[in-house]
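Participant: one predicted model, sequence on top.
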Amino acid sequence: MSEKGISKEGPGAAIAEPKEVQIIELDGHGGHTLEPEWKRLPIGPDHILYPLLVGIALFPILMGDSGHHLADDMPDDETHPFFPDHFWPYPVIIIVMMITLGLLAAFVQKNLQLEAPADPRAVTIPRPDWYFLFLFQFIKLGPELLMAVVIPTVIIIVFLLWPFIDAIAGPPTARRLGWKRWPVPGRNIYSGAGFVIFLAIIALLEAWALAGPGFCLPWFTGQVCGA
Amino acid sequence: MAIPHPRDVQLAVVNWLDERYPFTKAIDEAMYQRVPNFANAFYYCFGGMVFVIIVLQLLTGILLAIYYVPDARGTPAAAYTSVLFIQSNVYLGWLIRGVHFWGANILILMVLLHMARVYWTGSYRAPRELNWMVGATMLLLILAFALTGYLLPWDTKAYFASEVTIKIMGLPPPPQLGAFIKTLVQGGPVVGPPTLQIFFTTHVFLLPALIVLLMYVHFRLIRAHGIAEPL
Amino acid sequence: MADAAAPRKVTRRNFLGWWMGIILGALTVAGAAPIVVYLWPAPPKGQKKGPVNVTLDKPINQMNDGDAIKFDAPSTPNTAFIMADGGGDNAQGELAFGGFVVKNGSKVDVFAINCSHLGCSVALNAAAKTFDCPCHGSRFHLDGSVLQGPAPVPLSHLTWKEGSDPATIQIDGIVLGF
């Protein structure tokens, strides 16, 4: 029943004696000045929720040491501690997410219902789910090898290598335009607008497909209808 | 003998653990890590939401696998009737399957939102190129998840959608290569029970292993780099 | 660093490097080859090629010019037809689960049901006397030739002969064994 060395009052009530709090020196980087004691995490090794915290900490242990971060060089009033200031929205997000999914499962049964059992002899129009629908529509617009294999592969490769394309092609373009630097897409009329146009094309293809088989538009290869 | 206070027991356990691994140090380091205020903007949470949904998908997926039968022989096949059984007979089966189904849809949406945010704020720039590529690979894995999962209920729409997809996989020239890929993916001359078995194995064993591994790499890299500067 | 133009000397170090590379490469091939062989699908027990008897809705000798009759491959045991020719998505030796018997003038054709574009089942458009593909809008004349793309080539034929009675035909097929 020993309660020696445990503060029982004040904002730091549940934490261990100050002498037990070690100042953490992280190897290889400057670290950050710890919060004054009264602002520190109110869950010390003696707190009933501490095992939970160890559980959460297994995650960062797995993740290894953190490097030198942007926040380490920022003034204190422009940063906040991860726990609890940055952590608290996530439990809320988890709860909202679970409730949303549960409600969808309960009330939007239409998409979940099975059709007739698979039968290769059945005559149906195959129609992929929404995330492949734009591609399905895209394939109709030209020779199948080009539309179904070549262009998607090229797009995937560009997408994977985008950081390098941006870094290599960006600065010379900026110089040609007389810009001082090549900004990020959010502040860049070219890479920003390119992205928006790309999304718009996908959205249009998706809408075209969703409009149904009765909705046909003229195209170079003739009339192309939705799915 | 005096009964020790639970708190003392806990402290003893923590001390014992601390002598073997610096848990308290790890907690301190992780929990007091400073986060820039700009990272509080709502659009910085899509990645976290993706993580939450992937965990949810793993859990509901394991639960579904308890009742699902990956057997496509006969009409209706056991695969089809087992999904029907989950949906209508298993207690709360509709909920677990519904969460898995809607989770998959929202997951794709969240992945796209997360990717759009990373692109828009230029967070893929040096030194984070590698993490962009890891993330992009995970997007492709998620699409592979969606593709293979779509066939599992073995109903008409699943069958024909997969048939078209496999046809497309068989397009790369020369024709021998296309036919080789198609036969391997299909597990035979037509979409049939072997195809379901292959898609099931991919969906349930191969892809989860890969995505968990890549998620680990993704998070380690995020932890090493910290949050990217805003716009 | 050595000058790039200088002749390379085989040292113990780079010999061992090459040696390790070769060993690891051989190991990868030796490990991967059995996996590919293992993954290559074996025919299921009971898979058997041979003529398949198909009963038509209407005997061939009663068909009028421009008539087309749809038929399915038997499902017990699960059977498919083997295409005699093909192009586009179809090819000789590919399988089909249905087809059409068509009378064009004095000639009778038997087509596999799969569109040459991406293999969807075409449907008879009795009014227009065409086969229409519901998937990507390809259309075919009743003689199998393309009326409208994206299908690149005509429909595939099935190899057939008349059966024991006028309403039956025998088509080359395969019992799938599953």
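Facilitator: Okay, I see it.

Participant: going by C-alpha atoms from here, please, whenever you check contacts or count neighbours.
Facilitator: Fine.

Participant: SS state for residue A:180?
Facilitator: For residue A:180, the reduced secondary structure class is coil; criterion used: DSSP: H, G, I helix; E, B strand; the rest coil.

Participant: can you tell me the closest non-neighbouring residue to it?
Facilitator: The shortest distance from residue A:180 to any residue other than its chain neighbours is 6.9 Å, reached at residue A:174 (Cα to Cα, 6 or more residues apart in numbering or on different chains).

Participant: immediately after the helix or strand hosting the one you found, which helix or strand?
Facilitator: Assignment of secondary structure by DSSP states H and E places residue A:174 within helix A:162-177. Moving toward the C-terminus from helix A:162-177, the first helix or strand encountered (DSSP H and E) is helix A:189-210.

Participant: what about that next one and chain B, any contact?
Facilitator: Yes - with Cα under 8 Å from any Cα of the partner chain as the criterion, chain B is reached by helix A:189-210 at residue A:192.

Participant: now do the buried residues in that helix.
Facilitator: Under the neighbour-count criterion of 16 or more other Cα atoms under 10 Å in any protein chain shown, helix A:189-210 has A:190-192, A:195, A:202, A:205-210 buried.

Participant: what's the angle from it to helix A:162-177?
Facilitator: Compare the direction of helix A:189-210 with that of helix A:162-177 by axes from the mean of the first three to the mean of the last three Cα atoms, to 10 degrees and you get 130 degrees.

Participant: report all helices and strands that the helix or strand just after helix A:189-210 contacts.
Facilitator: Next in sequence after helix A:189-210, counting helices and strands by DSSP H and E, comes strand A:216-219. Using 3 or more Cα pairs under 8 Å, 6 or more residues apart in numbering or on different chains; DSSP states H and E, the elements in contact with strand A:216-219 are strand A:222-225.

Participant: now the strand it packs on, how far from the centre of its chain.
Facilitator: Taking the mean C-alpha point of strand A:222-225 and that of its whole chain, the gap between them comes to 37 Å (Cα atoms, centre = their mean, to the nearest Å).

Participant: who does it pair with, and is each partner parallel or antiparallel?
Facilitator: strand A:216-219 (antiparallel) (DSSP bridges).

Participant: tell me where the model's unsure across chain B.
Facilitator: When residues are selected by pLDDT under 70, those of chain B lie in B:1, B:231.

Participant: domain parsing for chain A?
Facilitator: The record's domain split for chain A, according to automatic domain parsing, is A:18-79, A:130-225.

Participant: so which of those domains comes closest to residue B:101?
Facilitator: Each of the domains of chain A has some distance to residue B:101 by Cα to Cα; the shortest is domain A:130-225, at 13.0 Å.

Participant: ranking helices and strands of chain A by mean pLDDT, which lands last?
Facilitator: Lowest by mean pLDDT, DSSP states H and E among the helices and strands of chain A is helix A:50-63, with a mean of 70.

Participant: following it, which helix or strand comes up?
Facilitator: Heading towards the C-terminus - elements assigned by DSSP H and E - helix A:50-63 is followed by strand A:79-81.

Participant: need the residues of chain C near chain A, please.
Facilitator: Within chain C, the positions near chain A by Cα under 8 Å from any Cα are C:72-73, C:97-98, C:117, C:120-123, C:134-137, C:149-150.

Participant: any idea how far residue A:152 is from residue A:139?
Facilitator: 10 Å (Cα to Cα, to the nearest Å).

Participant: neighbour count winner among those two?
Facilitator: For residue A:139 and residue A:152, the more surrounded residue by other Cα atoms under 10 Å in any protein chain shown is residue A:139, and the numbers stand at 20 against 15.

Participant: might you report the residue contacts of the more buried one?
Facilitator: Applying Cα atoms under 8 Å, 6 or more residues apart in numbering or on different chains to residue A:139 gives the contacts A:147-148.

Participant: from residue A:86, how far off is it?
Facilitator: Using Cα to Cα, one gets 45 Å for the distance from residue A:139 to residue A:86.

Participant: count the neighbours of the spatially closest residue to residue B:219 that is not a sequence neighbour for me.
Facilitator: Distance criterion Cα to Cα, 6+ apart; nearest residue to residue B:219, sequence neighbours excluded, is residue A:63 at 6.7 Å. Applying other Cα under 10 Å, we find 19 residues neighbouring residue A:63.
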